[in-house]
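>>> Generate coordinates for the sequence data below:
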Amino acid sequence: MKMNPLGRTGLMVSELCLGSMTWGTQNTPAEGHAQIDRALERGVNLIDTAEMYPVNPTRAETVGRTEEIIGEWVAKSGRRDAVILATKHSGEGFRHARGGAPITAETIPGAIEGSLRRLGTDCIDLYQFHWPNRGSYMFRQNWSYDPSGQDRARTLGNMHETLEALRAQVDKGNIRHFGLSNETAWGTAQWLRAAEATAGPRPAAIQNEYSLMCRLFDTDLAELAVNEDVGLLAFSPLAAGLLTGKYQGGAVPASSRMTLNETLGGRATARAFAAVDAYLDIARRHGLDPSRMALAWCLTRPFMTSVIFGARTMAQLDLALDAAETTLSQEVLDEIDAAHRAHPMPF
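Here you go, the predicted model:
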């Protein structure tokens, strides 16, 4: 599998990343462990998780369980050196613990300590901030996004303080590198400036939603990512399963995410289903599996570091891994561009 540089860290990560957010709800620990083993066999070396996982749904009694499942695999396999572990400080999104406290210099040590304990490791390779304290336009909030209430001085002050706290964690050996999630171009640029000013860890990557149907990253963030070596870790590359085609025609397969979240986080719109039809038609006419096509397309993007996928079954896992061996013709790429122009921002 192709390896890409993780920013300027010196680490090389697989172009596909194993996501884990359903381990502990939709997947058992044994299934999670089997997924790790299979992914490693196929060349994946990056696993992404978060302190608040699992989801679907997120409950107080299960938060942290996904990290524990990974830690159990580490203990059982003895293969910690085979994987690059990425997790997240969820800040105010972590309402089931710490009372939804924001990401601050004070909350960072405890959050890292908890993740280290659950993951069964003495060092986290990539420690990410799950959401900006000031808010985000991700998850369909772009339709009414209004940054005018932000306190610039407070935001920049928090960046400096948290980077200094992260530097202390790097010096202790608790984390190696730092990443962002659900960030903007302005926010990422300020993090880069703050890292220079404080000698804090430089952002190595941005984890934002990206797929054929969610292309908010394509302009300002793309330019920043390429020029500043802060590549994208793309989540929801199959648009929460929409791009597989399994929800077309009103279908809701048993045990699918739509049985737990009927709107798929606001993605299941009439315009979305029309867009999916267009992409399914391209795949059908060119003899491609639609999931492989969608993932393989993500891999062609010039700012991509790694594409994060999740799987409920081993068959889904193998299909996703096959994307690394799929080359899309220029004709397919041109037709995808045409479909995007016809169906922009479908959710």
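>>> just the helices in the stretch 51-200 of the chain please.
65-77, 107-119, 152-172, 185-198 (DSSP state H, counting those that start in this stretch).
>>> just the stretch 201-347 of the chain next, same as before
Using DSSP H, counting those that start in this stretch, the helices found in the stretch 201-347 of the chain span residues 220-228, 270-285, 290-299, 314-321, 330-342.
>>> The ones you listed: which one's closest to residue 68?
Minimum separation from residue 68 across the helices of the stretch 201-347 of the chain (C-beta to C-beta) falls at helix 314-321, 20.7 Å. Quick note: C-beta positions are derived from backbone N, CA and C, even for glycine.
>>> how far does that closest one sit from the chain's center?
18 Å (C-alpha atoms, centre = their mean, to the nearest Å).
>>> Which positions in it come out as buried?
In terms of neighbour count (16 or more other C-beta atoms under 10 Å), helix 314-321 has its buried residues at 316, 317, 319, 320, 321.
>>> for the helices of the stretch 201-347 of the chain, which one ends up most surrounded?
helix 290-299 (a mean of 22; mean count of other C-beta atoms under 10 Å).
>>> which helices and strands does that helix pack with?
helix 270-285, strand 304-309, helix 314-321, helix 330-342 (3 or more C-beta pairs under 8 Å, 6 or more residues apart in numbering; DSSP states H and E).
>>> Export only the CA atoms of that helix, formatted as PDB.
Listed in PDB are the C-alpha atoms of helix 290-299, where the atom choice follows Å, rounded to 0.1, in the frame of the first residue of the first chain:
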ATOM      1  CA  PRO A 290     -19.300   2.200  -6.200                       C
ATOM      2  CA  SER A 291     -17.500   2.000  -2.800                       C
ATOM      3  CA  ARG A 292     -14.200   1.200  -4.400                       C
ATOM      4  CA  MET A 293     -14.700   4.100  -6.900                       C
ATOM      5  CA  ALA A 294     -15.500   6.600  -4.200                       C
ATOM      6  CA  LEU A 295     -12.600   5.600  -2.000                       C
ATOM      7  CA  ALA A 296     -10.200   5.400  -5.000                       C
ATOM      8  CA  TRP A 297     -11.200   8.900  -6.100                       C
ATOM      9  CA  CYS A 298     -10.400  10.300  -2.600                       C
ATOM     10  CA  LEU A 299      -6.900   8.800  -3.000                       C
END
